[in-house]
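K.L.:
coords please:
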Amino acid sequence: MKFGIGYFPTDQGVDPPTLARMAEERGFESLLFTDHTHIPAARETAYPPGGELPREYARIYDPFVALTSAADATARLRIGTGICLVIERDPIVTAKQAASVDRLSGGRMLFGVGAGWNLEEMRNHGTDPSRRFGIFRERVEAIREIWTADEASYHGRHVDFERIWCWPKPLQEGGPPVLVGGHGSGVIDRVLAFGDEWMPNRIGDDERICARIERLRRAGVDAGRGPIPTTLCNATGDPDVLERYEAAGVHRAVFWLGQGDDSDTERRLDRRAAEIERYASAG
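P.N.:
Below is the predicted model of the structure:
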């Protein structure tokens, strides 16, 4: 199993290149940055975990800018979005941004995508929340088309363009892996339709999540794609739980890292690195 770090890159925390160097030095495989263009001041949608929305949600750097600086500071670390809210972004611009990061990083980009939860945030971008999953699918499909076709066209209900030229193309063949986030009832169908992996947060019952991971793997085999992998976010360092998830089909576990100064962040990364070492030794 590979191990990564998830982080809210803000102007009040460790800067992206410093965090990336810290993560790479400690042997982490990947670093994922979150995405919120803004947070509406009128709070209507409840924060899914409950309680007050953490202040970092409103202070996130643009993830593609932050990822570029992280890539420039490292040599091996995979960098990516965890997740990119494509329902709030123009698909042509987003295709170019992700492809640019992939090329400038030497092919290290992971493209985590999702439909989001903050309804008023979506509306500010002109997205009808009731249609977000259809918009989500079409924008990801359109982005893939732009990545892979010299002269790209896409005709859908929500995305429509005819014969465009858009370079650079990603360095990774076929584009960066698309990791589909979410826990809804249709998420496995979405992964099968336009994703390369599932990327759920570890929220709720572990056995239920593992059962869905195993179901996805079987569905991939049935579809002729082979077992589809899963990246687990909000992972625990508990070796017994990690072992259960790895057996179910998780190939990457991502630990969320809280806000703090450089010293706090180094201590937290050291603790996580020690947990990984113990897990590897036990295996």
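
K.L.:
okay, CA-based contacts and neighbour counts for the rest of this
P.N.:
OK.

K.L.:
how about the spatially closest residue to Arg244 that is not a sequence neighbour, what does it touch?
P.N.:
Leaving aside its chain neighbours, Arg244 sits nearest to Cys210 (7.8 Å; criterion: CA to CA, 6 or more residues apart in numbering). Residues near Cys210 by CA atoms under 8 Å, 6 or more residues apart in numbering: Arg244, Tyr245, Ala248.

K.L.:
Please tell me I have it right and Glu141 contacts Ala193.
P.N.:
No: using CA atoms under 8 Å, Glu141 is not in contact with Ala193; the gap is 9.1 Å.

K.L.:
Look at those two and report which has more neighbours.
P.N.:
Using other CA atoms under 10 Å, the more surrounded residue of Glu141 and Ala193 is Glu141, with 19 against 11.

K.L.:
name the element that one belongs to?
P.N.:
helix 132-148 (DSSP states H and E).

K.L.:
From the contacts of Cys210, keep the buried residues only.
P.N.:
Tyr245, Ala248 (16 or more other CA atoms under 10 Å).

K.L.:
Nearest to Phe255 among the contacts of Cys210?
P.N.:
Nearest to Phe255 among the contacts of Cys210: Tyr245, at 14.0 Å, using CA to CA.

K.L.:
Now the closest one. Nearest residue, chain neighbours left out?
P.N.:
Cys210 (6.3 Å).

K.L.:
Please identify which helix or strand holds that neighbour.
P.N.:
Secondary structure from DSSP H and E places Cys210 in helix 206-222.

K.L.:
the strands in the stretch 151-283 of the chain, which residues?
P.N.:
152-155, 160-164, 178-181, 197-199, 230-233, 250-256 (DSSP state E, counting those that start in this stretch).

K.L.:
contacts for the lowest-mean-pLDDT helix or strand in the chain?
P.N.:
Comparing every helix and strand of the chain by mean pLDDT, DSSP states H and E singles out helix 262-282 as the least confident one, with a mean of 94. With contact meaning CA under 8 Å, 6+ apart, helix 262-282 is reached by 3, 14, 22-23, 26-28, 237-239, 255, 257-259.

K.L.:
How about stretch 64-77?
P.N.:
9, 16-21, 23-24, 28-31, 33, 79-80, 97-98, 101, 104-105, 108.
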